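# Please find the sequence and the predicted model below.
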Amino acid sequence: MNAGIIGIGRYVPEQVVTNLDLEKRMDTSDEWIRTRTGIEERRIAGDDMDTSDLGLRAAQKALENANVSPEEIDMILVATVTPDQPFPSVACMLQEKLGAKKAAAMDVSAACAGFMYGMVTAKQFIETSAYKYVLIVGVEKLSKITDWEDRNTAVLFGDGAGAVLMGPVADGKGVLSFELGSDGSGGKYLYQDTNIRMNGREVFKFAVRQMGESSVNVLEKAGLSKEDVDFLIPHQANIRIMEAARQRLELPLEKMSKTVHKYGNTSAASIPISMVEELEAGKIKDGDLIVMVGFGGGLTWGAIALRWGR
Ligand code: ACO
């Protein structure tokens, strides 16, 4: 039994905040933000929308896309570090709002690597035949923990949601290999007190190394090589970090997903949001080998090699 992606959806709030808008609010510039991060604008959710509202919209699209009804879902995993409240979990809120009557539900806290952690957890339940359908939602409303006085962090983040429904797929398709990891000694470089606090340079060094290594490791574990990769979907934190992973895999530019310019860093949501956009643009095709790789606060990291298709 192989576990793969059988439905996918995304939602981003309508309000666009450009670098020029930020110039008016703090001591920064469009030029600084673009050259250091690749970010041009981000989406920010209004007060009327919390994390569960964003997640619900992406989840509904993923179910529609899979043509699976909420009653059929066995488990809901929500990767987020910005839940509506500490408990009940966002996953439980979605369970009710979707009407997923038989689903188990829990949140996964692994920051920007959360979506990778969620997918790998789902894979275990599906491949042991314990569950058939697991919904994984990566969603953040980072704007509510952003310190809008801190230019070191405020320019980096955005709000958004992405979701996939995982279930059994044909032989040779789905998740081929994965890697998850953590290093709690680096927790001091990226954390939340009331707001997000970050040592950008330390996180940058770690991310550049880890994104490349994890990408190569999942290929090795799957018995594949760099030449086999059709598409790289890196966590969209910073174009320079993403570029390091691309260069490590020796991939041409057009084989790497890039949405960071439009949405900034949406943490756990960035990989599924990017995946939807690439599918809609016709860049991911049945049978393609996809490498997804992310890193985040914890420190945490995760990567998956996946053969696209059902
Ligand atoms: N506008 C203008 N100047 C700024 C800004 C800004 N928005 N932010 C910082 N600066 C200044 C700093 O004050 C500093 O000035 P100083 O040297 O006078 O003290 C200078 O710019 C720093 O410049 P650089 O060293 O060139 O910055 P760097 O190349 O390190 O880029 C960045 C900074 C973009 C934050 C980079 O380190 C980075 O991307 N780090 C990783 C961030 C990341 O991916 N975080 C993931 C978080 S995910 C999560 O788990 C929620």
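That came through, no problem. Since we're looking at a predicted model, the values are computed, not measured.

# Just the buried residues of stretch 4-14, please?
By neighbour count on 16 or more other CB atoms under 10 Å, the buried set for stretch 4-14 is 4-13. Quick note: C-beta positions are derived from backbone N, CA and C, even for glycine.

# can you list the residues of this protein near the ligand?
Contact residues, the chain versus the ligand (CB under 6 Å from any ligand atom): 28, 32-33, 36-37, 111-112, 151-152, 155, 190, 196, 198, 200-201, 203-204, 207, 237-238, 241, 265, 267, 296-297.

# Which ones among those residues map onto helices?
32-33, 36-37, 151-152, 200-201, 203-204, 207, 241 (DSSP state H).

# re earlier: redo the buried residues of stretch 4-14 as JSON lines? Include pLDDT and secondary structure.
JSON lines is the format used below for the buried residues of stretch 4-14 (pLDDT from 0 to 100; DSSP: H, G, I helix; E, B strand; the rest coil):
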{"residue": "Gly4", "pLDDT": "98", "secondary structure": "strand"}
{"residue": "Ile5", "pLDDT": "98", "secondary structure": "strand"}
{"residue": "Ile6", "pLDDT": "97", "secondary structure": "strand"}
{"residue": "Gly7", "pLDDT": "97", "secondary structure": "strand"}
{"residue": "Ile8", "pLDDT": "97", "secondary structure": "strand"}
{"residue": "Gly9", "pLDDT": "98", "secondary structure": "strand"}
{"residue": "Arg10", "pLDDT": "98", "secondary structure": "strand"}
{"residue": "Tyr11", "pLDDT": "98", "secondary structure": "strand"}
{"residue": "Val12", "pLDDT": "98", "secondary structure": "coil"}
{"residue": "Pro13", "pLDDT": "98", "secondary structure": "coil"}
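
# Can you show me the strands along this protein?
Ranges of strands within the chain are 2-11, 16-18, 41-43, 75-79, 104-108, 134-141, 159-169, 174-182, 190-192, 196-198, 231-234, 289-296, 300-307, based on DSSP state E.

# quick revisit: drop anything exposed from the residues of the chain next to the ligand.
By neighbour count, with 16+ other CB under 10 Å, the residues of the chain next to the ligand hold 28, 33, 37, 111-112, 151, 155, 190, 196, 198, 203-204, 207, 237-238, 241, 265, 267, 296-297 as buried.

# residues touching Leu299, list them.
By CB atoms under 8 Å, 6 or more residues apart in numbering, Leu299 lies in contact with 182-184, 186-187, 189-190, 203, 206.

# can you rerun that using 6 Å?
Leu299 makes contacts with 183, 186, as judged by CB atoms under 6 Å, 6 or more residues apart in numbering.

# ok, now Ile126?
So Ile126 contacts Ala3 (CB under 6 Å, 6+ apart).

# again, only using 8 Å
Ile126 makes contact with 1, 3, 132, 134, 166-168, according to CB under 8 Å, 6+ apart.

# okay, Glu149: pLDDT?
Looking at Glu149, its pLDDT is 89.

# hang on, the earlier thing: can you tell me which of the buried residues of stretch 4-14 is closest to Gly223?
Closest approach to Gly223 among those (CB to CB): Gly4, at 17.8 Å.

# Surely the closest one touches Leu176?
No: using CB atoms under 8 Å as the test, Gly4 is too far from Leu176 to be in contact (9.7 Å).

# What count of nearby residues applies to Asp230?
Neighbour count of Asp230, defined by other CB atoms under 10 Å: 16.

# Report the rounded mean pLDDT for stretch 219-226.
Across stretch 219-226, pLDDT averages out at 97.

# Show me which positions of it end up buried.
Neighbour-count burial for stretch 219-226 flags 219, 222, 224 (criterion: 16+ other CB under 10 Å).

# want to throw those into TSV with distance to Ala105?
Output for the buried residues of stretch 219-226, formatted as TSV (distance: CB to CB, whole Å):
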residue	distance to Ala105
Leu219	33
Ala222	30
Leu224	34
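
# Check those residues against Arg310 and report the nearest one.
Distance to Arg310 across the buried residues of stretch 219-226 (CB to CB) is lowest for Ala222, with 18.7 Å.
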